[in-house]
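[1] The following block contains a protein sequence and its predicted model.
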Amino acid sequence: MAEQRSKRNPEKAPRKLVIVESPGKIKALSRYLGPGYRVMASLGHVRDLPKSRLAIDVDGGFAPEYIIPKGKNKLVKDLRSAVSDAEAVYLAPDPDREGEAIAWHLQELLKSGDTPFFRIAYQEITPSAVREALEHPGEINLRKVDAQTARRVMDRLMGYKISPLLWKKVASGLSAGRVQSVALLLVCRREEEIREFRPEEYWLLDARFSKPDTGESFWARLEKVDGRKARLEDGESASGLEDEVRRAVHKVARVEEKERAKAPPLPFITSSLQLEAARRFRWTVSRTMKVAQGLYEGVELGQAGVVGLITYMRTDSYRISADALRHAREYIAEAFGPEYLPAKPKVYRARQGAQDAHEAIRPTDFSITPEQARQWLPPDQARLYALIWRRTVAGQMAPARLATVTVAVESGRCEFVARRERVVFPGYLKVWEPDGENAQGEEPGSRDPLPFLKPGEELALAEMKKEQKFTQPPARYSEGTLVKALEANGVGRPSTYAPTISTLLKRRYVEKKERKLVPTDLGMMVNGLLQEYFPSVLNIKFTAQMEKELDEIEEGRFRWRQVVSDFFDPFQNTLHQAEQGMENLRRQALPTDIACENCGRKMMIRWGRNGEYLACEDYPQCKTSLNFDRAPDGTIVPRRPETTDEVCEKCGSPMVVKQGRYGKFLACSGYPACKNTRPVPTSVKCPREGCDGDLVQRRSKKGYRFYGCSRYPECDFVTRRLPSAEESKTPGKES
């Protein structure tokens, strides 16, 4: 057969074909494999469910109907041509369920004749790992494919059945989903807790004591009154106790020193990496995964060529291979000395409910230190690689030993306590510094050393401070802490965290305020409807149980069609009840006392795809609409458009700033009589020589943002990057 292929294509000698998922891997793999191999990318799925319809045969065993997505036909044609000229095909998408499904679709779509197909998987893109995979090729794991099929079918049934109901009853463009709606539930529950929270007042009392003989002093905090835990509920109690302390005799009641071992941190899994990057770098979940993907696929390291620097970054396992542990221990012993190396390597168990399909996220080569890698990596990759490298190395080092000194000072019936901590042996702290931790709420002088003290020693009171405090509500979720909550509840898998949060933001169910996720009115309303009518399927317990059942399909305990059937039958009944009982908010309009600025009639509260808004009761004759805010007492406050100095070139009326689907834009204040609009100027002059226009923000047909000259079509200057004011002053400078 190989001879026949050579005759058909005399210029092409038969080669082995490797098909990966991402084009970012092609360069590294081609270099590792040499001229006997050809590497191509599938660019994700080559077959998928159509977006325009359900495409699930409910009466035919839930069989999915797959099509080649729009824009993939040429790629499939190229892959088929490459397969016809190959002596063997190696399917190498990512080593997870989604990757296994992609491999299966590739085989189903491309296999013809007797060309053998093999499945290979590797945890890291390094020469040794790739060679090992090729030397021991396997077959597609159909149980993994079945688990992915079950997830895809259930998510399609749930999303394509509930979402149209929301379009019909609330507004178009909304969506619901098995993981997405539970994530929204967590965010909304937290917001309800915050709204119901009632702060309680309390006071702190601190005293600075000094040694009369040396003048050395230290701060201590009130902890006990009459032998019980101190609780000062108001300023009067604090002031009264302060007066008592000022009149009392002060002496050292006890001095204690205890040494403890502080264990090193666990290696990174997907969720903990996302959380740490958010805490230290203020990165979004999607940004972290994008940077990690680049490190995994490979980076050009000078003469070494393209090297994959980390293992696969979608994992829920703390496991590290024996070979990697050996290399890590060799590095630690050589770089830090034998005292920093534990007697045995640290082997971490997988947490309950984890798939444990891949190793923890670790460096592929411990000898490539962050300092060495920095010369080749862009800033984001350098920072994330350093984080992963240090965390992995620290996890295999000896524990730190810390000594805590506690001094208790007796002042009448009050006891003040000072605690100081010092490092006896740094251990893993040599590599992993717990910086970035929030130091707010520290006691005064908590970082200052304590003087030498002994029990019974009398002290002088040098200074006192009292501070009013209030108990705080639970913190809103950030992207990182929401991922941590989803994982703790067994909801979703590492590959789902980033797209889930992106969907919540895209649907405008939540918005970001000071890096926290805050549910919008639309999000709160949709969550309320979903919890009222779908409490049995859109909840934490059900979603976590479904994840377990997907794992059991992969393990061969359940059949995927039966799992889907067990879910769908009761879901159908719930859906029917929701269709009958859910109120139609599209028709609902609540009257207000606000007058329409155009016709004088009353404005009504209506619902749209972006939440509540004000619309004239005379719609569609009067199309006036306004966004609004709610004051703390519930009063409706219209959000008036921002006026500008710009003048409408069509009617001469002032232009106002309005908010649209793609952001802010200028609109004529004479609307609806004049419907003129234009982009908001950026105050940056067009860099093109001889042009006196300003740059304005625009969007392409595909939604990409770019900047163009306001004098278009007279001037067709465009740029993806907004030039600085200095650059725009340089004649003829274009970016």
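    Thanks, I have the structure now. Residues are numbered from 1 along each chain as shown.
[2] residues in contact with S495?
    By C-beta atoms under 8 Å, 6 or more residues apart in numbering, the contact set of S495 is 96, 98, 314. Using the backbone N, CA and C atoms, a C-beta is placed for each residue, glycine as well.
[3] give the contact list for the first one.
    D96 sits next to 312, 314, 357-358, 495 when contact means C-beta under 8 Å, 6+ apart.
[4] pLDDT score for it?
    pLDDT recorded at D96 is 86.
[5] quick one: it and A207, what's the gap?
    Taking C-beta to C-beta, to the nearest Å as the measure, D96 and A207 are separated by 58 Å.
[6] where does the stretch 501-650 of the chain dip in pLDDT?
    For the stretch 501-650 of the chain, the stretches with pLDDT under 70 are 609-610, 632-634.
[7] I'd like the distance from S217 to A418, if you could.
    S217 is 11 Å from A418, by C-beta to C-beta.
[8] Which of the two has more residues huddled nearby?
    Between S217 and A418, counted using other C-beta atoms under 10 Å, the more crowded position is A418 (25 against 16).
[9] what residues are up against that one?
    Applying C-beta under 8 Å, 6+ apart, the residues contacting A418 are 218-221, 406-407, 409, 443, 445, 450.
[10] next one: A595
    Listed by C-beta under 8 Å, 6+ apart, the contact set of A595 reads 601-603.
[11] same thing with G670?
    Each residue near G670 by C-beta under 8 Å, 6+ apart is listed here: 648, 651, 653.
[12] And for E555?
    Counting by C-beta under 8 Å, 6+ apart, E555 touches R143.
[13] Got phi/psi on it?
    phi -80, psi 0 (degrees, to the nearest 10).
[14] From A360, how far off is I269?
    Separation of I269 from A360 (C-beta to C-beta): 6 Å.
[15] shared neighbours of the two, anything?
    315, 317-318.
[16] just those now: which is nearest Q148?
    Nearest to Q148, judged by C-beta to C-beta, of the shared contacts of I269 and A360 is T315 at 16.6 Å.
[17] Pull out the buried members of the contacts of G670.
    In the contacts of G670, burial by neighbour count holds for C648, counting by 16 or more other C-beta atoms under 10 Å.
[18] just to revisit the earlier point, can I get the shared contacts of I269 and A360 in JSON lines including secondary structure, neighbour count and pLDDT?
    What follows is the shared contacts of I269 and A360, written out as JSON lines (DSSP: H, G, I helix; E, B strand; the rest coil; neighbours: other C-beta atoms under 10 Å; pLDDT from 0 to 100):
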{"residue": "T315", "secondary structure": "coil", "neighbour count": "29", "pLDDT": "89"}
{"residue": "S317", "secondary structure": "coil", "neighbour count": "21", "pLDDT": "89"}
{"residue": "Y318", "secondary structure": "coil", "neighbour count": "22", "pLDDT": "91"}
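[19] quick one: which of these is nearest to A263?
    A263 lies nearest to Y318 out of the shared contacts of I269 and A360, by C-beta to C-beta, at 13.2 Å.
[20] Touching, that closest one and P267? I think so.
    Yes: counting by C-beta atoms under 8 Å, P267 is a contact partner of Y318 at 5.7 Å.
[21] Name the residues contacting each of the two.
    348, 360.
[22] re earlier: could you redo the contacts of S495 as a markdown table and give each row secondary structure and distance to P473?
    Shown next, in a markdown table, are the contacts of S495 (DSSP: H, G, I helix; E, B strand; the rest coil; distance: C-beta to C-beta, whole Å):
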| residue | secondary structure | distance to P473 |
| --- | --- | --- |
| D96 | coil | 38 |
| E98 | helix | 38 |
| R314 | coil | 34 |
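[23] from those, which single one is nearest K74?
    Using C-beta to C-beta, the contacts of S495 come closest to K74 at E98, 23.0 Å.
[24] Just list the residues touching the closest one, thanks.
    Neighbours of E98 in contact, by C-beta under 8 Å, 6+ apart: 148, 495.
[25] Can you tell me the closest non-neighbouring residue to R640?
    Counting by C-beta to C-beta, 6 or more residues apart in numbering, R640 lies nearest to L626, which is 7.3 Å off, once chain neighbours are set aside.
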